[in-house]
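Student: no sequence on hand, only this structure:
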């Protein structure tokens with residue numbers, strides 16, 4: 001199992017057996033033997049709150065430790081037939097986002113008749129064309145959905161106006177209600193009752209509980225205890241909003257700007273009450289102001305997480321920093337002393353042989369986790385693609401940096417971007433070997449995403465080996481810069497369900513080699529129905545091959561699957577790419593049949609009676 005550290009309250013539910021109820025220093029979390037199958041999987045995400053904790057694994061399965069099940073002392077598998085993409089848990093609810101874009105949720109404000117039963121809340125959206133969900137966020141007593149059409153919905157309690165409507169006329173809703181259109185991201189917190197919505201032009205809107213000024217509307221509006229209408233937040237710090245996370249009385253914002261060398265630099269800003277919380281400063285703030293500390297000066301912020309009244313931050317120099325309330329030792333400092341200003345937390349030795357950015361934080365009401373996750377997907381297409389291309393199972397080439405760290409890459413993409421030339425890949429390897437992990441990541445970001453924010457000096461070293469094709473480059477830029485929001489994703493309709501692909505991946509697997517993809521979608525509808533009759537298994541094989549250029553080992557191939565996929569692939573003419581999907585399928589099919597024959601022969605042999613050698617008896621005759 002990958003690295004996972006736990007600290008804080010170890011009861012209701014018990015996370016680690018045979019350990020104290022209060023754990024004040026980070027200790028290794030290992031699953032018990034009864035979960036041996038999950039123990040071998042990589043953790044993709046952890047979500048935790050007063051309601052419980054959910055672990056999501058890379059295989060699309062999840063287990064949960066819930067308060068109500070504490071008497072069993074064991075986690076339970078979440079019984080959802082579809083592959084799980086994301087999990088989120090509030091103080092009184094939990095929600096599951098599947099790969100198919102469906103959301104299953106439970107909780108007393110979601111399904112009061114049976115609060116422990118999952119229901120498909122995305123299917124309750126009135127607009128049937130708006131039921132594909134790309135992201136979910138939990139508040140304490142509400143759940144928020146972001147659809148593929150960039151619309152934000154809310155469901156659950158509206159006690160504090162956190163759904164953007166007057167709480168007197170709409171105290172709660174058991175069906176998702178449209179809050180705002182043209183939304184790029186939703187931000188809230190597992191224990192908070194306020195929410196932020198970011199639109200496509202970086203305008204931020206907020207509503208909900210404002211008892212402590214945590215919505216960030218400024219001094220003049222600090223007395224408004226409820227903001228019951230989505231309100232534009234003024235005086236936002238300059239830069240790109242990367243993330244906002246909220247506790248009960250405070251909010252933390254992550255902003256990205258460029259430093260003097262044009263390198264991206266991230267800083268934290270906070271607003272709300274200073275008392276007993278993770279505000280990071282010893283003064284109240286009614287609008288977002290910077291959290292200043294010498295601990296951040298030479299570091300970049302890689303990840304952060306906000307609990308009920310505490311905050312944890314992970315930096316590029318492998319530092320874990322915490323501040324706020326420390327009940328039950330949830331800051332990991334070794335004691336339960338409150339910490340209003342940032343303090344560095346001592347960590348046990350971690351497996352930092354891979355990029356530190358693959359470590360993530362998750363804070364709940366009374367506990368905290370630091371865990372290694374090889375991938376972490378967001379609603380940002382560019383970030384997702386970079387992470388996708390670096391997933392080990394999809395990569396076939398490694399680069400070693402000067403500090404000995406390994407970066408995985410995708411040879412298929414590199415060969416196109418590096419003039420289809422193996423020598424250029426060797427040149428790139430030589431350049432990377434002399435760079436730090438941060439500079440190496442900038443180079444790969446440039447190659448994979450055309451991100452122009454790379455250090456100019458660094459760019460001058462690699463520009464000669466990077467291929468430039470105007471048609472392809474313009475297509476990539478158009479998608480990355482979201483000039484046409486409708487072109488970010490490609491929708492395949494199949495058996496009354498819609499499946500969403502990042503379009504750029506299909507372009508990488510088709511247009512870069514055969515120029516076929518754009519001609520298929522000239523009508524700009526981004527929809528085809530040729531896959532409507534594909535079986536689930538055939539579609540999954542096709543999808544996995546699109547992303548990884550390979551066939552899963554455990555997949556059993558039949559002649560029907562080969563015929564099914566061949567019809568669909570011919571439509572895209574992706575069968576012209578190398579390696580050929582049909583060759584892979586047929587080879588696997590033949591090998592599979594050979595193995596089946598061998599197994600059959602071996603079974604037949606075992607059924608036969610063993611051969612008995614004739615016993616030779618020597619008789620000695622006396623004279």
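Tutor: Cool, got the structure. Remember, predicted model here, so these are calculated numbers, not experimental data.
Student: confirm residue 432 sits in a helix?
Tutor: Yes: per DSSP: H, G, I helix; E, B strand; the rest coil, residue 432 lies within a helix segment.
Student: may I ask which helix or strand encompasses the residue nearest to it when sequence neighbours are not counted?
Tutor: Nearest non-adjacent residue to residue 432, counting by C-beta to C-beta, 6 or more residues apart in numbering: residue 399, 4.4 Å away. Glycine gets a C-beta too; all of them are placed from N, C-alpha and C. In the assignment (DSSP states H and E), residue 399 maps to strand 397-400.
Student: which element follows that strand toward the C-terminus?
Tutor: Following strand 397-400 in sequence, per DSSP H and E, is strand 406-409.
Student: partner strands of that following strand, with direction?
Tutor: strand 397-400 (antiparallel) (DSSP bridges).
Student: which parts of the partner strand are buried?
Tutor: Applying a neighbour-count criterion of 16 or more other C-beta atoms under 10 Å, one finds residue 399 buried in strand 397-400.
Student: list the buried residues of the helix or strand hosting residue 595.
Tutor: Assigned by DSSP H and E, residue 595 falls within helix 581-607. Burial within helix 581-607, assessed by neighbour count using 16+ other C-beta under 10 Å, is assigned to 581, 584, 585, 588, 589.
Student: repeat for stretch 47-65
Tutor: 47-58, 61-65.
Student: for stretch 325-343, same thing?
Tutor: With burial defined by 16+ other C-beta under 10 Å, the residues of stretch 325-343 counted as buried are 325-333, 338-340, 342-343.
Student: try stretch 14-31
Tutor: For stretch 14-31, burial by neighbour count (16+ other C-beta under 10 Å) applies to 14, 15, 22, 23, 24, 26, 27, 29, 31.
Student: wait, what's in contact with the closest residue in space to residue 332 that isn't next to it in sequence?
Tutor: Once flanking residues are discounted, residue 332 sits nearest to residue 7: 4.2 Å by C-beta to C-beta, 6+ apart. Listed by C-beta atoms under 8 Å, 6 or more residues apart in numbering, the contact set of residue 7 reads 23, 24, 25, 26, 27, 329, 330, 331, 332, 367, 368.
Student: secondary structure element for the second one?
Tutor: Per DSSP H and E, residue 24 falls inside strand 22-28.
Student: same for that strand, what does it pack against?
Tutor: strand 4-9 (3 or more C-beta pairs under 8 Å, 6 or more residues apart in numbering; DSSP states H and E).
Student: what's the angle between the strand it packs on and strand 22-28?
Tutor: Taking axes from the mean of the first three to the mean of the last three C-alpha atoms, to 10 degrees, one finds that strand 4-9 is oriented at 180 degrees with respect to strand 22-28.
Student: chain center to strand 4-9, what's the gap?
Tutor: 21 Å (C-alpha atoms, centre = their mean, to the nearest Å).
Student: stretch 206-213 now?
Tutor: Computed by C-alpha atoms, centre = their mean, the chain-centroid distance of stretch 206-213 equals 28 Å.
Student: contacts for it?
Tutor: The contact list for stretch 206-213 (C-beta under 8 Å, 6+ apart) reads 139, 160-164, 192-197, 215-217, 221-222, 224-231, 233, 249-250, 271-273, 284-287.
Student: partners of the helix or strand where residue 341 lies, with directions?
Tutor: Under the criterion of DSSP H and E, residue 341 resides in strand 339-345. As defined by DSSP bridges, the strand partners of strand 339-345 come to strand 320-324 (antiparallel).
Student: for the record, mean pLDDT for the partner strand?
Tutor: Averaging pLDDT along strand 320-324 yields 95.
Student: stretch 431-439 too?
Tutor: For stretch 431-439, mean pLDDT is 84.
Student: pull out the buried positions in it.
Tutor: 431, 432, 435, 437, 439.
Student: centre of the chain to it, how far?
Tutor: Mean-position distance between stretch 431-439 and its chain equals 26 Å (C-alpha atoms, centre = their mean).
Student: quick one: neighbours of the closest residue to residue 268 other than its chain neighbours, just the number.
Tutor: Nearest non-adjacent residue to residue 268, counting by C-beta to C-beta, 6+ apart: residue 291, 4.5 Å away. Other residues near residue 291 come to 25 when the count uses other C-beta atoms under 10 Å.
Student: list the contacts of residue 291.
Tutor: Contacts of residue 291 by C-beta under 8 Å, 6+ apart are 252, 267, 268, 269, 270, 279, 280, 281, 342.
Student: how about those, which pair is most distant?
Tutor: Pairwise distances across the contacts of residue 291 peak at 14.9 Å for 267 and 279 (criterion: C-beta to C-beta).
Student: neighbour count for those two, which is higher?
Tutor: Taking other C-beta under 10 Å, residue 267 and residue 279 do not tie; residue 279 has more neighbours (30 against 17).
Student: for the more buried one, give me the pLDDT.
Tutor: 89.
Student: can you check residue 492 too?
Tutor: 60.
Student: for the stretch 151-300 of the chain, give me the ranges with low pLDDT.
Tutor: Filtered on pLDDT under 70, the stretch 151-300 of the chain yields the residue ranges 259-263.
Student: in the stretch 251-400 of the chain, which spans are helices?
Tutor: 381-389 (DSSP state H, counting those that start in this stretch).
Student: kindly report the same for the stretch 101-250 of the chain.
Tutor: With DSSP H, counting those that start in this stretch, there are no helices along the stretch 101-250 of the chain.
Student: strands along that one, start to end?
Tutor: 103-107, 119-120, 133-138, 142-147, 152-157, 172-180, 183-187, 194-199, 204-209, 226-232, 240-246, 250-258 (DSSP state E, counting those that start in this stretch).
Student: surely residue 560 is in a strand?
Tutor: No: going by three-state DSSP, the assignment for residue 560 is helix, not a strand.
Student: that one: how many residues sit nearby?
Tutor: Other residues close to residue 560 by other C-beta under 10 Å number 11.
Student: so how far is residue 192 from it?
Tutor: Applying C-beta to C-beta, to the nearest Å, the value for residue 560 to residue 192 is 50 Å.
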